[in-house]
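S.K.: just the structure for this:
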Amino acid sequence: MPPLPLVPPFLPRNRRWLWLVLGALTLLLSLSFPGIAQVPLATQTVKAPVVVDGVELFQIGRSGNLTAVERAEIINEALQQEVRSPNPADIQVVRDGKLTIIRSQASDRNLLTVNEGDVTTGTSPPNQAALWRSDIEAALRQGQLERSPTYVQQAVIFSAVVMMVAIVVHLGLWFLGKSVSRRLSDWLGSPAALFHPKEQTARLFLQLALLGIQIGLWAAVAFYVTDLFPGVRSLRYALFNFLNTPIINVGESNYSALQLLLLLAFTVGLWFAVSAVTRLFRIYVLSRTGAELRVQEVITILTQYTLAFLGLIVLLQIWGLDVSSLAIIASVLGVGIGFGIQNITNNFISGLIITLERPIQVGDFVKVAELMGTVERIGPRSTEIRTLDQVTIIVPNSRFLETEVVNWSHGDPVSRIRIPVDIAYDSDTDRVQTALLEAARSHPDVLIRPAPQVWFQGFGDSALNFELMVWTGEPKKQFRVKSDLYYRIEASLRRHGITIPFPQRDLHLRSPHLEEFVASWRQLPGIHDGNTQNSNGDTEPSPRSLIGSAINSAEAIERSPAIAPAELLTDEKIQAIATAMQGSSGVEVSDRWYRHNLYPTCFIGSEAVAWLVQTQNCTREEAIHLGQILLDQGIIQHVSEDYPFRDGYVFYRFRL
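M.R.: Residues are numbered from 1 along each chain as shown. Below is the predicted model of the structure:
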C-alpha cells in the first residue's frame, strides 16, 4: 500500500504546495491572533504599547503635544538602551512636584512620566507608577539575562533538541499515516465490505487530519523557538505589529494587512473547498445519473462558480464588510471588465451552447471557414481541431456559432463524394458508365448501399461531361478515397478503350482579298496548274501545295512517338538489333584498360548509342531507351556496377 500523501488527492499536484503554504499561514496567524474582527473607527489608536524585546508591558496615552505613538517610541528607545546596558537594572519611582516619574538609577535617566491619562479607573499616578516600575524592572533584567553567553548557548541547545523532537514526531505521524492507511485498505478495500464506497472519503479525512497536525506541530515549534531569542522575538513582534496596522478604511471600520491576508487566504481556501465539494458531487452524484461526460463537466463548472460566489458573499458578511456599499464599485468594475473580457465571455457562453445543443462533438469531422479536421477537445473557451496534416489548431468557440460549419459526422456520418470525369465525344456512353461503376465498386471504402451512380452532366466544348457519385462512411478519408478512385478510373477507362480528350479549338480564317490575290498570281507568266518554273526549267510548288505539305509533315511528326514504348518492339526486332550489334558492322568489342584495370570483351556505351542512332535512324534519347531495353532483357550487362544504360564512357558486354 503506498504511503498517504500529506495533501488531498483531489488537488492538482502543481497546486499542492499552495495548499500547504496557505494552510500553514492560516493556522499560524489564527493561533497568534484569535481576534481578527475589524477595528471600529471609534477605537482607533488612543493608546500605544510599551515594548521590551518584543514583549508588550503596558499601554500609555498621549501627553501634551505628543501623541501616544510618539510618546511610546521615545520610551521604547530608552528601554532598549537600558536593556543593552551592562549595569543591572535598578528602576525607581520619584516625585517632582505633581509629576510622578519612573527613573533608572543605573543610568540616571528618566524613562517616563505617569500622568492622569495613563492610569486606569480607581488608581492614582503613584500607584500606577509603582506597578509599572516592577514590570519594567523585571523585563529589563530578563532581557539582560537573555543576552548573556550562558543563556544563548543553552537556548541554542534547547532549540536543537526541540527541532529534533519535532522531526521525530513528524516522522511518527508519517508512519502512523501509513499504518492507518493499510488498516483502512484492509477494512474497506474489499468490494464486499459494507463501507467500501466510503473508502475514498475516509482516506481524505485521514489525510486532512494528518496535514493539520503536522502544520500545527511546526507552527508551534517555530513560535516557541523564536520566543527564546530576544532579537528574533522583536522582529516577530515588529512583523505582527506591521500586519495589524490598519491600512484600509471601509465604512466605519478599517482593516489591517493581516486581516486582508487572512481574507485572501480564506477566499482561496473557500475556492479549494468548493472545488473539492463539486468534485465529490460529480463522482458520487452526477456519475451515477448516466449523463454524458461533457454534460457532467458543464454542471460541475456551473455548480462550482455558483457555490464560490455565494460563499464569498457570506465570507464578506462575516468579515464585517457591507456588501451593499460595494455595489457601486462592483458595477463600475463590472462594466470595465465586461468590455475587457467581452470576447472571453462570448467564447465561454458559446462553449455552454455547444455543450447543450451539441452541434459538434469530440471525434466529428468538421470544416470551419478554411479549417478542416477532427474535433479533439471541446473546452469552456476554445475547441481543439486536428487537421489532416496532423496539426492541432485552437479555435474560439464563438466561431462555431457565428460562421457556417460543415459537420460530416453530425447525425449520419455517411457522405457523398462527387468525381467529375470528361470523356471523348466518340466514346460509347454505356461503356463509360460501366467502366466508372467498376472503378467505384472495386474500392473497399465505397459503400454498397447507397449504390454508386454515374450522371451524364452535359456536352462540353471538347468532351462529354460525366460525374461519378459514391458514398463513404468515413468522411475524414474522403480525399484519399477520391485519389484512389481517380487511379482506378484511369485504369478502367484504359481497359475499356475509352480515351480522355485534349482541349480542341477550330480556327477559321476569313480574308476577302485572298481569292483575288491567288487569281492575279496565276495570270503571271510561267504559272501552270498553280506551280512556277525557274530558269532551269524545274517546277516549283505553289504556296497552297507548300502549306499542304507542311501540314502533312506536321501531322506525321505528331503521329510519330518521340521514344518507342517497349511493348511496340517485338522480341524478333530486339533480337535482330542485338545480332547486328555483335556482327562485323556492329559496335567495337575489345579489351579495355581503365585506371590500371583490364576489362575484357566489352564495348563503350557512347559508341553503342552512336551506332544505334546511325543504323536505326533514331535520336540519341531513343537510342538510350533502346539500350535500356537490351539491358532489362539481359542481352547486355554491366561490366562493374549496376546502373541504367548511359551515353558515356561506360563498359558493357554481351551475355554469352
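S.K.: contacting residues for residue 574?
M.R.: By CB atoms under 8 Å, 6 or more residues apart in numbering, the contact set of residue 574 is 629, 630, 633, 635. Where you see a C-beta, it was placed from the backbone N, CA and C, and this is true even at glycine.
S.K.: from residue 49, how far off is residue 127?
M.R.: 21 Å (CB to CB, to the nearest Å).
S.K.: let me redo that: residue 409
M.R.: From residue 409 to residue 49 the distance is 74 Å (CB to CB).
S.K.: what of residue 495?
M.R.: Residue 495 sits at a distance of 106 Å from residue 49 (criterion: CB to CB).
S.K.: more neighbours: those two, which one.
M.R.: Comparing residue 495 with residue 49 by other CB atoms under 10 Å, the one with more neighbours is residue 49, at 18 against 11.
S.K.: could you report the pLDDT at the closest residue to residue 226 other than its chain neighbours?
M.R.: Leaving aside its sequence neighbours, residue 226 sits nearest to residue 232 (CB to CB, 6 or more residues apart in numbering; 4.6 Å). We have a pLDDT of 86 for residue 232.
S.K.: can you check residue 124 too?
M.R.: Residue 124 is assigned 82 on the pLDDT scale.
S.K.: what about it, how many residues close to it?
M.R.: When neighbours are counted by other CB under 10 Å, residue 124 registers 12.
S.K.: got it, and residue 283?
M.R.: When counting by other CB under 10 Å, one arrives at 14 neighbours for residue 283.
S.K.: check the gap between it and residue 204 for me.
M.R.: Note on residue 283: its distance to residue 204, by CB to CB, is 11 Å.
S.K.: again, but for residue 164
M.R.: According to CB to CB, residue 164 stands 31 Å off from residue 204.
S.K.: next one: residue 450
M.R.: Per CB to CB, residue 450 is found 56 Å from residue 204.
S.K.: how is this protein divided into domains?
M.R.: Split into domains by automatic domain parsing, the chain comes to 46-244, 341-407, 415-495, 514-559, 569-654.
S.K.: make sure residue 602 is indeed in a strand.
M.R.: Yes: secondary structure of residue 602 (DSSP: H, G, I helix; E, B strand; the rest coil): part of a strand.
S.K.: so in terms of bridging, what pairs with it?
M.R.: Beta-bridge partners of residue 602, counted by DSSP bridges, are residue 590.
S.K.: do I have it right that it meets residue 589?
M.R.: Yes: the pair residue 602 / residue 589 is scored as a contact, 6.8 Å apart, by CB atoms under 8 Å.
S.K.: buried sites along the helix ranked longest in the chain?
M.R.: Longest helix in the chain, counting residues (DSSP state H): helix 149-188. Buried positions in helix 149-188, judged by neighbour count with 16 or more other CB atoms under 10 Å: 151, 155, 159, 166, 173, 177, 180, 181, 184, 188.
S.K.: same question for stretch 427-440.
M.R.: For stretch 427-440, a neighbour-count test (16+ other CB under 10 Å) marks 427, 432, 433, 435, 436, 437, 438, 439, 440 as buried.
S.K.: ok, now stretch 359-377?
M.R.: 360, 361, 364, 365, 366, 368, 372, 373, 374, 375.
S.K.: of residue 602 and residue 589, who's got more company?
M.R.: Each of residue 602 and residue 589 has its neighbours counted (other CB under 10 Å); residue 602 has more, 22 against 17.
S.K.: residues contacting the more buried one?
M.R.: By CB under 8 Å, 6+ apart, the residues touching residue 602 are 589, 590, 591, 592, 639, 651, 652, 653.
S.K.: and the strands in the stretch 51-200 of the chain?
M.R.: Using DSSP state E, counting those that start in this stretch, the strands of the stretch 51-200 of the chain run over residues 55-60, 91-96, 99-104, 109-114.
S.K.: hmm, I was thinking of the stretch 301-450 of the chain
M.R.: For the stretch 301-450 of the chain, strands defined by DSSP E, counting those that start in this stretch occupy the ranges 365-368, 371-378, 382-387, 392-396, 405-407, 415-423.
S.K.: so residue 206 sits right up against residue 185, yeah?
M.R.: No: Residue 206 lies out of contact with residue 185 (CB under 8 Å); the separation is 11.5 Å.
S.K.: circling back to that earlier point, host element of the residue nearest to residue 226?
M.R.: According to DSSP states H and E, residue 232 maps onto helix 230-244.
S.K.: okay, buried residues for that helix please.
M.R.: Buried residues in helix 230-244 (16+ other CB under 10 Å): 230, 233, 234, 236, 237, 240, 243.
S.K.: measure the fifth one to residue 231 for me?
M.R.: With the distance defined as CB to CB, residue 237 ends up 11 Å from residue 231.
S.K.: that concludes my questions; thank you for your assistance.
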